[in-house]
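Participant: Build the 3D model from these lines:
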Amino acid sequence: MRISHILLIFTLLALTACTGAESVTKKRWENRDTTVKLVDLTSNKGDLKDAGSDLGFAIEDAFQDSAFVVVENREAHYQLKYKVVDFQRGSRWKRMLSFGIHEKSRAMLTVKVALYNERGMLTAWEVDAWVNSGPTGGSESSLYEQAAEEILNHMKGY
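Facilitator: Got it, this is the predicted structure:
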């Protein structure tokens, strides 16, 4: 009797461990109230061009955790136009060694952003982001993430 109880318990545990569920969700994006198209207006000059594309990737990543959906076509409800105006890469080693006190070691990014819909411009603002210290001197990716978060926080009002 003892062996039968053990087998019964083992069988119940094995059966419950092998259960699962599968679902298929089909979505139609007819509701385009939260769709955003990103438009990079940054000039094609060296560091600014790279900063513009890196900022675009950071904005897309920030929007993944929000209600906004980034789309590529012209059917988006909003157009988010941005232009990197100033970019200073700074020196990571100087940031680490001076603990961010040295002004020239800062990584700085200045972006002009405008939000449009089909009727025209809704709002425009300027984002200033910088990295000046940290145990590892901060990274450029944290600079872009900081700017993207500020853009997302401003857009949450729309």
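Participant: What is the burial count for the closest residue to residue 66 other than its chain neighbours?
Facilitator: Counting by CB to CB, 6 or more residues apart in numbering, residue 152 is the residue found nearest to residue 66 once chain neighbours are left out, at 5.9 Å. In this view, the C-beta of every residue, glycine as well, is placed from N, C-alpha and C. Residues lying near residue 152 (other CB atoms under 10 Å) number 16.
Participant: mind checking the backbone torsions on residue 152?
Facilitator: phi -60, psi -40 (degrees, to the nearest 10).
Participant: ok, it to residue 60 distance?
Facilitator: 11 Å (CB to CB, to the nearest Å).
Participant: For the residue nearest to residue 66, report the pLDDT, please.
Facilitator: Listed pLDDT for residue 152 reads 92.
Participant: same question, residue 16
Facilitator: So, for residue 16, pLDDT stands at 62.
Participant: Make sure I have this right: residue 127 is in a helix.
Facilitator: No. Per DSSP: H, G, I helix; E, B strand; the rest coil, residue 127 lies outside any helix segment and is strand.
Participant: and the gap between residue 126 and residue 84?
Facilitator: Residue 126 sits at a distance of 11 Å from residue 84 (criterion: CB to CB).
Participant: same check, this time on residue 75
Facilitator: Distance, residue 75 to residue 84, using CB to CB: 26 Å.
Participant: more neighbours, the two?
Facilitator: Taking neighbours as other CB under 10 Å, residue 75 and residue 84 compare with residue 84 leading, 26 against 10.
Participant: and the gap between that one and residue 10?
Facilitator: 63 Å.
Participant: cool, residue 111 as well?
Facilitator: 61 Å.
Participant: Tell me which of the two has more neighbours.
Facilitator: Using other CB under 10 Å as the criterion, residue 111 and residue 10 rank with residue 111 on top: 25 against 10.
Participant: Look up the closest residue to that one, ignoring the ones flanking it.
Facilitator: In space, residue 111 comes closest to residue 127 once its chain neighbours are excluded; the distance is 4.5 Å by CB to CB, 6+ apart.
Participant: for the one you found, what are its contacts?
Facilitator: 109-113, 147, 150-151 (CB atoms under 8 Å, 6 or more residues apart in numbering).
Participant: and which of these is nearest residue 119?
Facilitator: Distance ranking of those against residue 119, using CB to CB, places residue 113 first at 18.2 Å.
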